[in-house]
Each structure stands twice: as structure tokens, then as C-alpha cells.
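> sequence first, predicted model second:
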Amino acid sequence: MLTLGCSLHDILGTSYAENMKHAANAGFKSVFALWNDDMDTEAYMNNAAKCGLTVESFHAPFVNYSKIWEEDDEGDRATEIIKHCIRVAAEYKVPYVVSHVISTLDAPLTSNLGLCRFGKIVIEAEKYGVTLCFENTEYIRHLALVFSTFASPKFCYDVGHEHCFTPGIRTMGMFGERLGFLHLHDNLGMNKSYRASHDDDLHRIPFEGDIDWTKTLTEIKKSGFDGTLMLETDPGHDLGFYGSITAEEYYAKSFAGAKKLAELYETL
Ligand SMILES: [Zn+2]
């Protein structure tokens, strides 16, 4: 069976250290951190090791990605923040860094300046031996341009984003050959006004939305993927849906969803 993993930070009013215990007890072997410069990376890594969890990736900080594509000093600062995240990942032997290339409903035009800045990020990852993955978000065109320009970055397939932001587009058909990482979570698709909305990005546990997981996992398997089935679920994205669930119950439920995915994967 493929390794099962989940995003790991402080949820439901509990500390990340407590969450690590619950995730490990539920059965997860691998986790990823929403990395930022303020966190105590050393303590996070030590805690994970104590719980027997592998920290497989850092999610790069949520900078203002739009500015990377625009004539704006903030674009340079955002570039440096992501490069810093890559260096810290290398220092702690975290193999993957996952980054967005855009993160807004009001996307700027693609630009040569943006490509130059992403080029610097790509070079930093190559230099430090970290596998850099870019994930699909609200729009595909920035990602397609980055992938057609640079050979080394891998694709992080965010199944939930595809379902609610870009329904009808099968990103695995476009970038599946360079699949490197997965963000698995569920939602109910795009709202009926057919305008992308962050309210649709529910980050529910697999099988608690209406994603066609057989179709999705078939595409993933066809690519030859043998990495971790990594959940990117979060009860905070869908306030009220999980009621008064405890963190312990939430991880048990998440693991049941991940295990069901793994079992389905094996039958395909
Ligand atoms: Zn994601």
C-alpha cells in the first residue's frame, strides 16, 4: 500500500505537537508543514521524529504571488521568501517544497519578469537539491507557462483545487508526466454562479464531497506515481461541517478516508 500522509499544523484549537500525536496514532506515516519563517523548524522536526512521522514537504509561505508577476518590489521579497523556504528544507533534509505560482481570483497577466523570478526559485531548488513542486490553483495559464519554461520543477496535483476552481480541465492530462506530489482533499465543486470562489475550496476529507475518486486515482496511477497519498484537509476551511469534532476524532476520520483511497488505488 502507498504511504499515507496529511498536512500537519495546529487545528481545532490544539497545538501542532498534539496534532502530531493524533496523526501518528491514527496511522499516518508522513506529514507536511505549512512552513513560515516564524515557526520553530527545529522543534517541529524533532517533534515529528519523536512521533515516528516523516516530514515530507514544506508548503512555501502564502506570499502575494501576484506581485511576483508584476513590476513591484514586493515581488522580489516574495521570491526571496520562497528561496529561503527551500534553503531551510535542504538544511532539515525535507525532500519537497510545494509552492503556488498564483493565488488569487483576480490573476495578473503572465510576464517575463515573473518568469525570471520563478527562474531564481527554480535555480535555488536545483542548487540545494530540493524537489520543487508547483501546484494548480485558481488559474492554469501561469502554471503552464512556468512548466513550459523550466524543466526541473515537478507538478503537485491539487485534486480539490481542480474540482472547484477549474472544473472540466484535467490537469493530469497536461502535467501528469511530471507529477511529484499530491494534495488530496474533497469539495462540492464550483458554485452555481460558475465563478471561482474560495468558499468552494472546502478541503474536506476524501469521500465527503463529490469528487470522482475512481477517475482521479486512475489518472494518478496511470502516471506511475509511487509517492505518498498526501491529504491536504483542514476542518477550518469548512466551518460547521465537522461540528464539535475533536482533533483526535478528526485524524481518525482523515485516516479512514486516506485508507479508503489507498484501497481503491490498489484495485485500479
Ligand atoms: Zn494544495
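That came through, no problem.
> quick one: the strands in this structure, in order.
Assigned by DSSP state E, the chain shows strands spanning 4-7, 30-34, 54-59, 96-99, 131-135, 154-158, 179-183, 229-231.
> minimum distance to residue 72: which of the ones you listed has it?
Closest to residue 72 of the strands of the chain is strand 96-99 (CB to CB; 18.2 Å). From N, CA and C alone the C-beta is placed, and that goes for glycine too.
> do the closest one and the ion meet?
No. With CB under 5 Å from the ion as the measure, strand 96-99 is seen stopping short of the ion, the closest distance being 7.0 Å.
> what's in contact with that strand?
The contact list for strand 96-99 (CB atoms under 8 Å, 6 or more residues apart in numbering) reads 32, 56-60, 82, 85-86, 89, 121, 125, 130-135, 156, 180-181, 183.
> name the residue of the stretch 151-268 of the chain that lies nearest to the ion.
residue 183 (3.5 Å; CB to the ion).
> which residues pair with that residue across the strands?
residue 158 (DSSP bridges).
> how about the residues of the chain by the ion?
Counting by CB under 5 Å from the ion, the chain sits next to the ion at 135, 158, 183, 232.
> what values do phi and psi take at the last one?
In other words, residue 232. With angles defined as degrees, to the nearest 10, residue 232 sits at phi -120, psi 60.
> excluding its backbone neighbours, what's nearest it?
residue 183 (3.9 Å; CB to CB, 6 or more residues apart in numbering).
> pLDDT score assigned to the one you found?
With respect to pLDDT, residue 183 scores 98.
> residues contacting it?
If you count contacts by CB under 8 Å, 6+ apart, then residue 183 has 98, 135, 156-161, 230-232 around it.
> ok, residue 2 - contacts?
226-229, 262, 265.
> what about the helices in the stretch 51-200 of the chain?
Counting by DSSP state H, counting those that start in this stretch, the stretch 51-200 of the chain has helices at residues 65-68, 73-91, 112-128, 141-149, 159-165, 171-175.
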